[in-house]
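Asks: next come a sequence and a model predicted from it.
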Amino acid sequence: MKAFTKLVIGLLLVLIMVIGWWLISPLFLDQTVDEGLPPVSTDTVEMTEDPEAVAPDAEDEAKDSETLGLSGMFMDGEKNYQTSGTIQTINADDGLYLRFEDFQTTNGPDLFVYLIQPGTETTEGISLGALKGNTGNQNYLVPEDVDLTQYSTVVIWCRAFDADFGFGELKQ
């Protein structure tokens, strides 16, 4: 019976050490990402005899004017979490992207990128996925149905600690 008790205690200690490493290691380990710009087509549309055949409709132009030229700066989050860098929107072949440049944030476990409406809780926003790295240039595809004039705050959120590590406001 003593051997079984020692085995259980040993397994619990190993489990505690693994969980502790998962929670603490991001504080002194950086993960750098350096993604290039999203793919943008260089093809030009040839003019035809019917100019309306290639002209975008008014709805498409309105959507593009709402999303082009949005940018912002990251600011520190709550507590002592530090975040800096720039955010900009980029129209690419496969959709609209948020691009983080010269990005740097305090590392932590379970970090995610969220779009939220100003004044709302992060968990009520739209997740763009896990943060790819705590330093460097990176791109995040924005879902087609998201209006960045409404969801204009970008948040770096830690699910494990339920804490905002940083945020930035998108503006024209």
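Replies: Structure's in. What do you need?
Asks: other SSEs contacting the helix ranked longest in the chain?
Replies: As assigned by DSSP state H, the longest helix anywhere in the chain is helix 2-24. On a contact count with 3 or more Cβ pairs under 8 Å, 6 or more residues apart in numbering; DSSP states H and E, helix 2-24 meets no helix or strand. For glycine as for every other residue, the C-beta is placed from the backbone atoms N, C-alpha and C.
Asks: what does it contact?
Replies: Applying Cβ atoms under 8 Å, 6 or more residues apart in numbering, the contact partners of helix 2-24 are 109, 160.
Asks: any idea how far that helix is from the chain center?
Replies: Between the centre of helix 2-24 and the centre of its chain there are 34 Å (Cα atoms, centre = their mean, to the nearest Å).
Asks: right, and the helix or strand after that helix?
Replies: strand 32-34 (DSSP states H and E).
Asks: now do that following strand, average pLDDT.
Replies: Throughout strand 32-34, pLDDT has a mean value of 91.
Asks: buried set for that strand?
Replies: By neighbour count on 16 or more other Cβ atoms under 10 Å, the buried set for strand 32-34 is empty.
Asks: can I assume Ser71 is in contact with Thr86?
Replies: Yes. Counting by Cβ atoms under 8 Å, Ser71 touches Thr86, with 6.6 Å between them.
Asks: and what about the one residue sitting closest to the centre of the chain, helix, strand or coil?
Replies: By Cα atoms, centre = their mean, the chain has its centre lying nearest to Val113, at 3.2 Å. Look at Val113: counting by DSSP: H, G, I helix; E, B strand; the rest coil, its state is strand.
Asks: in this protein, which spans are helices?
Replies: 2-24, 58-67.
Asks: by mean pLDDT, show me the worst of those helices.
Replies: Confidence, taken as mean pLDDT, is least for helix 58-67 of the helices of the chain (a mean of 42).
Asks: show me the contacts for Leu96.
Replies: 67, 89-90, 141-142, 144, 148 are the contacts of Leu96 under Cβ under 8 Å, 6+ apart.
Asks: and the strands in this structure, which stretches?
Replies: 32-34, 71-76, 83-92, 95-105, 111-116, 126-130, 135-142, 153-158, 163-169 (DSSP state E).
Asks: looking at the ones you listed, which is buried most?
Replies: Sort these by mean neighbour count, taking mean count of other Cβ atoms under 10 Å, and strand 153-158 sits at the top with a mean of 23.
Asks: and the angle from it to strand 135-142?
Replies: 120 degrees (axes from the mean of the first three to the mean of the last three Cα atoms, to 10 degrees).
Asks: thank you, goodbye.
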